[in-house]
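> no sequence on this one, just coordinates:
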């Protein structure tokens with residue numbers, strides 16, 4: 001009996017092992033049968049405005065079910081295309097990250113449709129100590145003298161003239177390095193045509209300052225600006241009205257006498273006082 005039980009346990013173990021082996025073999029076969037696609041990825045870090053070539057690209061096997069929309073299968077398709085945004089090594093090349101066909105390389109390929117690129121001179125203070133990097137958003141503030149109105153002199157005013165302006169490049173570089181700030185002498189901004197006109201006028205009438213803002217903050221705040229008097233809390237003194245000029249009375253004055261019988265008046269003529277009653 002003991003031998004039969006042992007043989008039964010051995011046979012049961014063999015059956016379980018055979019079933020497990022068959023299941024594992026089927027799973028491996030199914031995995032090997034998963035279809036895949038070739039996807040072009042960046043072999044190196046690619047900066048915005050760079051023209052692509054095959055040496056900058058490579059291909060990877062990508063599961064067919066999760067292939068990114070707009071991906072490319074061959075590096076030859078991307079020859080001489082221009083990157084519109086920063087592309088990191090190993091990142092798939094997508095059509096949305098590239099400038100339209102026929103676009104030449106350089107900063108012009110990075111500018112969005114309907115926008116313009118305009119460069120302003122900055123220093124370490126105006127340029128937010130070098131923290132205004134490509135891809136950041138800034139507000140533009142101008143400090144200027146208001147025009148003279150009437151007898152009063154124009155007041156000094158500081159006002160925000162542009163909000164949420166994209167920084168395209170600092171100096172001659174459109175790439176960014178988030179690890180450290182970079183103090184430069186010029187910053188290139190992406191603006192609409194109307195905002196370009198505002199900025200051109202602002203830098204000619206006063207001094208500019210860039211104000212770094214949060215990347216995801218899209219709110220705009222309309223302000224009236226602030227003058228020197230408002231900043232220091234100075235209140236304009238109330239205008240003092242001049243005293244009225246004294247009224248010179250004529251030499252001959254008639255005034256009503258104290259109430260009494262009849263009507264009497266005092267008449268002063270040639271220094272002589274006389275009372276006339278009627």
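Right, received. Where do you want to start? This structure is a prediction, so every number in the text was calculated from the model and none was measured. Numbering: from 1, shown residues only.
> can you pull the buried residues of stretch 69-83?
For stretch 69-83, a neighbour-count test (16 or more other Cβ atoms under 10 Å) marks 71, 72, 75, 78, 81, 82, 83 as buried. Using the backbone N, CA and C atoms, a C-beta is placed for each residue, glycine as well.
> for stretch 185-202, same thing?
Applying 16+ other Cβ under 10 Å to stretch 185-202 flags 187, 188, 189, 190, 191, 195, 196, 199, 202 as buried.
> Figure out how far that stretch is from the centre of its chain.
Chain-centre distance of stretch 185-202: 13 Å, with Cα atoms, centre = their mean, to the nearest Å.
> cool, and stretch 103-119?
On the basis of Cα atoms, centre = their mean, stretch 103-119 sits 17 Å off its chain's mean C-alpha point.
> Give me the subset of the buried residues of stretch 185-202 lying in helices.
Secondary structure from DSSP state H places 195, 196, 199, 202 of the buried residues of stretch 185-202 in helices.
> right, and the last one touches residue 209 too?
Yep, that's residue 202 we're talking about. No: with contacts counted by Cβ atoms under 8 Å, residue 202 stays clear of residue 209, the gap being 10.4 Å.
> shared neighbours, these two?
140, 142 (Cβ atoms under 8 Å, 6 or more residues apart in numbering).
> out of the buried residues of stretch 185-202, who's nearest residue 216?
residue 190 (17.6 Å; Cβ to Cβ).
> Find me the pLDDT at the closest residue to the closest one other than its chain neighbours, would you?
Nearest non-adjacent residue to residue 190, counting by Cβ to Cβ, 6 or more residues apart in numbering: residue 166, 4.3 Å away. Here, the pLDDT recorded for residue 166 equals 91.
> if I look at residue 119, how far off is residue 45?
25 Å (Cβ to Cβ, to the nearest Å).
> burial count for residue 50?
21 (other Cβ atoms under 10 Å).
> surely it meets residue 85?
No: if you go by Cβ under 8 Å, residue 50 and residue 85 don't touch, sitting 10.6 Å apart.
> Show me what the lengthiest strand in the chain is packed against.
Criterion DSSP state E: the longest strand present in the chain is strand 156-170. Strand 156-170 sits against strand 137-145, strand 186-191, helix 193-205, strand 206-213, strand 226-227, with contacts defined as 3 or more Cβ pairs under 8 Å, 6 or more residues apart in numbering; DSSP states H and E.
> can you tell me which of the ones you listed comes nearest to residue 15?
Using Cβ to Cβ, the nearest of the helices and strands packed on strand 156-170 to residue 15 is strand 137-145, at 67.7 Å.
> pLDDT (mean, whole number) over the closest one?
90.
> List the buried residues for that strand?
For strand 137-145, using 16+ other Cβ under 10 Å, the buried residues are 137, 138, 139, 140, 141, 142, 144.
> And for residue 109, the neighbour number?
If we define neighbours as other Cβ under 10 Å, then residue 109 has 20 of them.
> Same question for the one 5 residues further on.
Counted with other Cβ under 10 Å, the burial measure for residue 114 works out to 7 neighbours.
> hang on, it packs against residue 192?
Yes: using Cβ under 8 Å, residue 114 is in contact with residue 192, at 6.9 Å.
> related to what we said a few turns ago, please point out which parts of the longest strand of the chain sit buried.
157-163, 165-170.
> Mind picking the two most distant members of those?
Pairwise over these, using Cβ to Cβ, the maximum falls at 157 and 169, 30.1 Å.
> element containing residue 266, please.
strand 264-269 (DSSP states H and E).
> now that strand: mean pLDDT?
70.
> cool, stretch 70-87 as well?
88.
> what does that stretch contact?
With Cβ under 8 Å, 6+ apart, stretch 70-87 has contacts from 37-40, 42, 45-54, 57-59, 62, 92-99, 101, 103-105, 109-110, 135, 175-176.
> Repeat that for stretch 135-155.
With Cβ under 8 Å, 6+ apart as the test, stretch 135-155 has contacts from 86, 128, 132, 156-167, 176, 189, 199, 202-203, 205-215, 217, 227-229.
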